[in-house]
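Novice: Structure for the following, please:
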Amino acid sequence: MKKLSLVLVALMGLIPVAALAHGPGGHPADPNLHVGNEHSECYVKFAPELSQDAYRRFVREFGSVSAFKLMSGPRTLGKRGFAIGVEQMAFTVEEQDAAWNDTFAHPDAYHELGSDIEIPKVRLSVGVSDRLDLGAYWTKSPDANFGWLGLDAKYAMLRQSETMPISLAVRGAYTKTLYVEDMDMHALTADVSAGRTFWNALTPYVGLGSDLVYARERSDVVDLNTETQFVPSVMGGVELRVWHVGIGAEVHRGDLTTFQMQVLAVF
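Specialist: Here you go, the predicted model:
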């Protein structure tokens, strides 16, 4: 386990840190930003102004982008197959909206959140049978206070063959938001995907799914009701596996649109 942890840390160092903030950039201080000195990057910290409606939107958007994404076609790794890789997820938020402005604190009044956000991840998958894969992902913003841990299981319902033109898989996942003191957030995900592999290498796929996000507020400065939000989604992507290398890209449309790319070592 110690060696695996070192590998994950090394992989995280190969990709850019989550882009969640910007410096002064010559613009004046923003009086609407909530300033805090607990971290050197923008971090999750609820402001006294946070309303129930804004919190509800934050739960839907932050919770659904955190949820463990499919990021692979319906093909499975096969028994004793193994894959490890890095991903980069990007999405856009309305940074001035209360759902994001009143839930983040900033190192200073020049250090806005930014509308375009990028999150790096490390991903592991293991084939426990010809039809079943188990996986996990993890990320941590090194200079802020949040990260995510996800676990999933994918089962191949149909497998492409001479008599079956496509592969079909169902998947369930669980994601826990880590390190945030002001809330306790969890997401359950279910999806189904269908795709076809060409030349035993290239797999375009589409899918439907939903996230069930639960978030309990536990801040000292607000008193908000627990939110449970159902967020449906559609996704489409493409995966290329050649020898022991896999690359992929996926677009995921829920309350926000996320774009992900990954590079995998597959064995």
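Novice: In the stretch 1-150 of the chain, where is pLDDT below threshold?
Specialist: Along the stretch 1-150 of the chain, segments meeting pLDDT under 70 span 1-27.
Novice: where exactly do the strands run in it?
Specialist: Taking DSSP state E, counting those that start in this stretch as the criterion, the stretch 1-150 of the chain carries its strands at 43-44, 82-92, 104-105, 116-127, 132-140, 147-158.
Novice: And the ones you listed: which comes nearest residue 244?
Specialist: Minimum separation from residue 244 across those (C-beta to C-beta) falls at strand 82-92, 9.3 Å. Where you see a C-beta, it was placed from the backbone N, CA and C, and this is true even at glycine.
Novice: which secondary structure elements does the closest one contact?
Specialist: Using 3 or more C-beta pairs under 8 Å, 6 or more residues apart in numbering; DSSP states H and E as the contact criterion, the elements in contact with strand 82-92 are helix 2-12, strand 116-127, strand 257-266.
Novice: buried set for that strand?
Specialist: Buried positions in strand 82-92, judged by neighbour count with 16 or more other C-beta atoms under 10 Å: 83-89, 91.
Novice: mind showing which ranges of the stretch 151-267 of the chain have poor pLDDT?
Specialist: In the stretch 151-267 of the chain, no residues with pLDDT under 70.
Novice: Now do the same contact list for residue 261.
Specialist: Taking C-beta atoms under 8 Å, 6 or more residues apart in numbering, we find residue 261 in contact with 87-88, 247-250.
Novice: possible to save those residues as a markdown table with distance to residue 240?
Specialist: Listed next are the contacts of residue 261 as a markdown table, based on distance: C-beta to C-beta, whole Å:
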| residue | distance to residue 240 |
| --- | --- |
| 87 | 15 |
| 88 | 16 |
| 247 | 5 |
| 248 | 7 |
| 249 | 9 |
| 250 | 13 |
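Novice: Need the residues that contact the longest helix seen in the chain.
Specialist: Using DSSP state H to define each element, the chain has its longest helix at helix 52-66. With C-beta under 8 Å, 6+ apart as the test, helix 52-66 has contacts from 46, 89, 91, 93, 97-100, 102-103, 119, 148, 175, 177, 185, 187, 211, 213, 215, 217, 222, 224-225, 227, 229, 231, 233, 254-256, 258.
Novice: Kindly report the same for stretch 188-198.
Specialist: Stretch 188-198 is contacted by residues 67-68, 70, 73-75, 152, 160, 165-175, 203-212, 214, 233, 235, 239 when judged by C-beta under 8 Å, 6+ apart.
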